[in-house]
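[1] give the three-dimensional model of this entry:
(2 chains, ligands or ions: 2)
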Amino acid sequence: MNPLLEVQSVGKSFGGVEALCDVSLTIARGEIYGLIGPNGAGKTTFFNVLSGVYRADRGSFRFNDAPLNVRAPHEVAAAGIARTFQNIRLFGNMSALENVMVGRHVRTGAGIFGAVLRNAATRAEERAIHERAWALLEYVGLTARGNDIAHSLPYGDQRRLEIARALATDPLLLALDEPAAGMNATETATLRSLLERIRADGTTILLIEHDMKLVMGLCDRVAVLDYGRRIAEGAPAAIREDAAVIEAYLGGTLA
Amino acid sequence: MNLTDKFKANPALLWSGVALIACALAVLPFVLAMAGTTWVRVTNLAILFTLLALGLNIVVGFAGLLDLGYIAFYGVGAYTYALLASPQFNIHLPFWIILPIGALAACVFGVLLGAPTLKLRGDYLAIVTLGFGEIVRIFFNNLSQPVNITNGPQGISRIDPFSIGGFSFNQSDIIFGLNFSGPVKYYYLLLLVLIMVIVINLRLEDSRIGRAWQAIREDEVAAQAMGINTTRVKLLAFAMGASFGGVAGGMFAAIQGFISPESFVLVESVMVLSMVVLGGMGNIWGVIVGALLLSFVPELLRHTVEPLQRSLFGRSLIDPEVVRMLLFGLALMLMMLFRPAGLWPSKVRKRELTEE
Ligand SMILES: Nc1ncnc2c1ncn2[C@@H]1O[C@H](COP(=O)(O)OP(=O)(O)OP(=O)(O)O)[C@@H](O)[C@H]1O
Ligand SMILES: [Mg+2]
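    Ligands and ions are numbered 1, 2, ... in the order given. This next block holds a predicted model:
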């Protein structure tokens, strides 16, 4: 296995609540790695700790063959980890296109002087940003919506726009927090083929999802969190049979 | 079909419009001078305030950071100019050296204010910036002891006007048979600076940094996750806004020839902020309209209220200043009720306020 992300004994508490406890996992390059668990298991907290929104109390990360010092979110993005949010966080009053263009920020460099002088280099960069943003909108199937205001888009489109915006940062690892939440069956099917295409194009995916059909059909490996602990990890088939996992879900949604 | 599309379809229309406005702006000072040089001075002050409003718009309109102490940067620019071009220290540097120094000084102050405070949000940031503005003013007021730097409340007078070679901006010259008085010359200079500042603002808005500002205004957490170093980018907004204030301050000092701490009080900050809000936060053209309105209308009132009362009642019943503030308050209230996004809102604000 060629690891992209290695997580070592990460812990995070909020006051008395141990949201993450000694969580270790390794994600290989090119795989789709599922992260599941009941409500409040700590999945989103794991994303927040990984992406620098919160600071981990314990533990360490290795990413892309180098230690990842999670200090500020923008540094994590620069290192090559992009994320989406469980409760969609688009730039609501900017157009869909502008949202994706913002995603190019971390891979481009024009500053104040470039902006004011509009020299050849800046103009070329702006053109490239434009083209790339349109290409990404097309990639997720939102070409027709490019000039629409983000918060006016239907829910499913907003989720896909968040993915396009995250992809604009040229991530090695794309971390998605419940991308299918609130989607109908057709939208979920489209999402599934989109994720398969993203993986095929070389981006590793870390997927939090409650839709078990999606997770089990899409992921190469799945880790299960329960009360902040990783209680299982393995291929979807094995996870489905795992006694601890069934116990955690209490015979519930695990199909 | 909106205005932009119309212009795109018919560029001749756009250019003839631009030419018309350019002609109007070119002859304006002579028309105004017929009504009295005062009106040229009033126009110059209005342009200065437009510069200020455009600078503040970067901070408030683009980046969404409420700054209630903006006038401090105007003050820093003004005092920088005054100290380097007056008998105060007997230094008389040319203006084209001092203005950049003033911009830089204001920029440094912007960063000084920004660096420790940008972790604060909303109301807290507003209160800290308000305090900053007052502190700067109090410094101007008290830096006359133990070493006399600012000359305290008396202010600094006999400040050098702008001049290049033998061409001075505060005396009249006959050029092409036309009498260019001091204020008229300053008018053209200010107009030039204003056009430059507008172009800079338009370009900033539509740039990588401009988008980053808007992203921060929309959702700071998401902006960070997209790799935007929000502290740095917010500092840039503060620094840019401050340097515009600094340039405007320098020009103010030269035009007036006299400055004192009284020109940089809290009310002035509030006034500039009102211009931005009234015109339409974030929309450059709206901000300009707001600044011009709030500069001119009070002056018009000043010149009409007194005579009107005299002709009606035979004497002045209400002080013009009172009427001015009364109408100002009324206008702001009506605005908040009927056009909360400003007279000419940015597309964004309009959407925010109508669709939620
Ligand atoms: N900022 C916070 N402050 C305090 N407690 C928090 C905070 N964020 C998360 N928690 C707590 O940490 C625990 C894990 O929450 P988290 O959001 O990570 O769960 P989750 O697995 O994403 O759940 P869901 O499936 O509902 O999204 C919960 O008990 C939650 O209340
Ligand atoms: Mg969650």
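
[2] distance check, the residue nearest in space to the middle of chain A against chain B.
    Central residue of chain A (CA atoms, centre = their mean): A:Ala175, 1.8 Å from the mean position. Per CB to the nearest CB, to the nearest Å, A:Ala175 is found 10 Å from chain B. No exception for glycine: its C-beta is placed from N, CA and C like everyone else's.

[3] with A:Ala66 instead?
    From A:Ala66 to chain B the distance is 17 Å (CB to the nearest CB).

[4] and that residue, how many neighbours does it have?
    A:Ala66 is flanked by 9 other residues according to other CB atoms under 10 Å in any protein chain shown.

[5] what do you get for B:Leu192?
    Count around B:Leu192 with other CB under 10 Å applied: 10.

[6] kindly report the same for A:Leu97.
    By other CB under 10 Å, the residues close to A:Leu97 number 23.

[7] re earlier: wait, a strand at the residue nearest to the centre of chain A?
    Yes. A:Ala175: assigned to a strand according to DSSP: H, G, I helix; E, B strand; the rest coil.

[8] OK, contacts around it?
    A:47, A:50-51, A:81-84, A:205-206, A:208 (CB atoms under 8 Å, 6 or more residues apart in numbering or on different chains).

[9] need the residues that contact stretch B:277-285.
    Applying CB under 8 Å, 6+ apart, the external contacts of stretch B:277-285 come out as B:53-54, B:57, B:60-62, B:198, B:201-202, B:205, B:286-291, B:293-294, B:331-332, B:335, B:341-349.

[10] right, I mislabeled it, should have said stretch B:143-155
    B:79, B:83, B:88, B:139-142, B:156, B:258-262.

[11] endpoints of it, how far apart?
    In stretch B:143-155, first residue to last residue: 11 Å (CA to CA, to the nearest Å).

[12] ok, back up a step: so how far is A:Tyr155 from the residue nearest to the centre of chain A?
    Distance from A:Ala175 to A:Tyr155, counting by CB to CB, to the nearest Å: 20 Å.

[13] same question for B:Leu300.
    Taken as CB to CB, the span from B:Leu300 to A:Tyr155 is 52 Å.

[14] what about A:Arg132, which helix or strand?
    Using DSSP states H and E, A:Arg132 sits in helix A:120-139.

[15] next secondary structure after that helix?
    helix A:155-167.

[16] just list what that following helix packs against, helices and strands only.
    Packing contacts for helix A:155-167, counted by 3 or more CB pairs under 8 Å, 6 or more residues apart in numbering or on different chains; DSSP states H and E, involve strand A:81-83, helix A:96-103, helix A:120-139, strand A:173-177, helix A:185-200.

[17] now the closest residue to chain B within the stretch 51-200 of chain A, what's its secondary structure?
    Residue of the stretch 51-200 of chain A nearest chain B, by CB to the nearest CB: A:Val106 (2.7 Å). Here A:Val106 is helix, with the state taken from three-state DSSP.

[18] tell me the SS of the closest residue to it other than its chain neighbours?
    Leaving out its chain neighbours, the residue that sits closest to A:Val106 by CB to CB, 6 or more residues apart in numbering or on different chains is B:Gly227, at 2.7 Å. Under three-state DSSP, the three-state class of B:Gly227 is coil.

[19] need the pLDDT of B:Gly227.
    We note a pLDDT of 96 for B:Gly227 in this prediction.

[20] the one 4 residues further on now?
    Note on B:Thr231: pLDDT of 92.

[21] before we move on, what about A:Arg132?
    Residue-level pLDDT assigned to A:Arg132 equals 97.

[22] cool, and B:Gln171?
    We have a pLDDT of 71 for B:Gln171.

[23] now do A:Val70
    A:Val70 is assigned 88 on the pLDDT scale.

[24] can you tell me which residues contact it?
    Contacts of A:Val70 (CB under 8 Å, 6+ apart): A:49-52, A:55-56, A:61, A:76.

[25] at 10 Å what do you get?
    Residues near A:Val70 by CB atoms under 10 Å, 6 or more residues apart in numbering or on different chains: A:10, A:49-56, A:59-61, A:63, A:76, A:79, A:81.

[26] how close does it get to A:Phe63?
    Separation of A:Val70 from A:Phe63 (CB to CB) stands at 9 Å.

[27] shared neighbours, those two?
    What both A:Val70 and A:Phe63 touch, as defined by CB under 10 Å, 6+ apart, is the set A:50, A:76, A:79, A:81.

[28] which one (most neighbours) among those?
    Among those, the one with the most neighbours (other CB under 10 Å) is A:Ile81, at 31 neighbours.

[29] now which of the contacts of stretch B:277-285 would you call buried?
    In the contacts of stretch B:277-285, burial by neighbour count holds for B:53-54, B:57, B:60-62, B:198, B:201, B:205, B:286-291, B:293-294, B:335, B:341-346, B:348-349, counting by 16 or more other CB atoms under 10 Å in any protein chain shown.

[30] any idea which element the residue in the stretch 101-250 of chain B that ligand 1 sits nearest to lies in?
    Among all residues of the stretch 101-250 of chain B, B:Val221 sits closest to ligand 1, at 11.9 Å; criterion: CB to the nearest ligand atom. Element membership for B:Val221, per DSSP H and E: helix B:220-225.

[31] elements contacting that helix?
    helix A:43-51, helix A:73-79, strand A:81-83, helix A:96-103, helix A:155-167, helix B:208-218, helix B:230-256 (3 or more CB pairs under 10 Å, 6 or more residues apart in numbering or on different chains; DSSP states H and E).

[32] angle of the longest one against helix B:208-218?
    Angle, helix B:230-256 to helix B:208-218, by axes from the mean of the first three to the mean of the last three CA atoms, to 10 degrees: 110 degrees.

[33] and helix B:230-256, what's buried?
    Buried, per 16+ other CB under 10 Å, within helix B:230-256: B:230, B:233-256.

[34] longest helix in chain B, please.
    helix B:284-313 (DSSP state H).

[35] for the stretch 251-356 of chain B, give me the ranges with low pLDDT.
    B:346-356 (pLDDT under 70).

[36] ok, 90 please
    Within the stretch 251-356 of chain B, the segments meeting pLDDT under 90 span B:267, B:274, B:277-283, B:290, B:293-356.

[37] shaky segments in the stretch 101-250 of chain B?
    The stretch 101-250 of chain B contains residues with pLDDT under 90 at B:113-126, B:143-153, B:157, B:160-186.

[38] how about a cut-off of 80?
    Counting by pLDDT under 80, the stretch 101-250 of chain B contains low-confidence residues at B:119, B:121-122, B:163-182.

[39] that's all I had, so thanks and see you.
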